[in-house]
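Colleague: Quick one, fold the following:
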Amino acid sequence: GGLGAHVLTMASDEGLIDGGLKLRTMRLPDIFQDQDKPEVQYAQAGHDADAIVETVLKALRHNSSHVTEGARA
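Modeller: Below is the predicted model of the structure:
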């Protein structure tokens, strides 16, 4: 029901994911976060720059055969 759902629906309706578009959603965790500096809250929620880069790189390493390429153990 949020923005991610609308983006996924639009991508599906427009056929964007039919051609192999790599699409990942990043959701807020279902926890109560104490008030803090924004950068601390983003890191706790997994929405800081490092987490975003890791999500992108993980998606790029994943191919259509569901095999992760070049992933580190």
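Colleague: per-residue pLDDT, residue 45?
Modeller: In the predicted model, residue 45 carries a pLDDT score of 91.
Colleague: Begin at 724, not 1, for the rest of this chat.
Modeller: Taking 724 as the first residue, the last one we looked at is residue 768.
Colleague: Buried residues, the lengthiest helix in the chain. List them.
Modeller: Of all the segments assigned as helix in the chain under DSSP state H, the longest by residue count is helix 772-784. In terms of neighbour count (16 or more other C-beta atoms under 10 Å), helix 772-784 has no buried residues at all. C-beta coordinates here come from the backbone N, C-alpha and C atoms, glycine included.
Colleague: what number of residues lie near residue 768?
Modeller: Other residues near residue 768 come to 15 when the count uses other C-beta atoms under 10 Å.
Colleague: That one: what's it in contact with?
Modeller: 751, 752, 756 (C-beta atoms under 8 Å, 6 or more residues apart in numbering).
Colleague: rerun at 10 Å
Modeller: The neighbours of residue 768, taking C-beta atoms under 10 Å, 6 or more residues apart in numbering as the test, are 749, 750, 751, 752, 754, 756, 774.
Colleague: likewise residue 760?
Modeller: Taking C-beta under 10 Å, 6+ apart, we find residue 760 in contact with residue 766.
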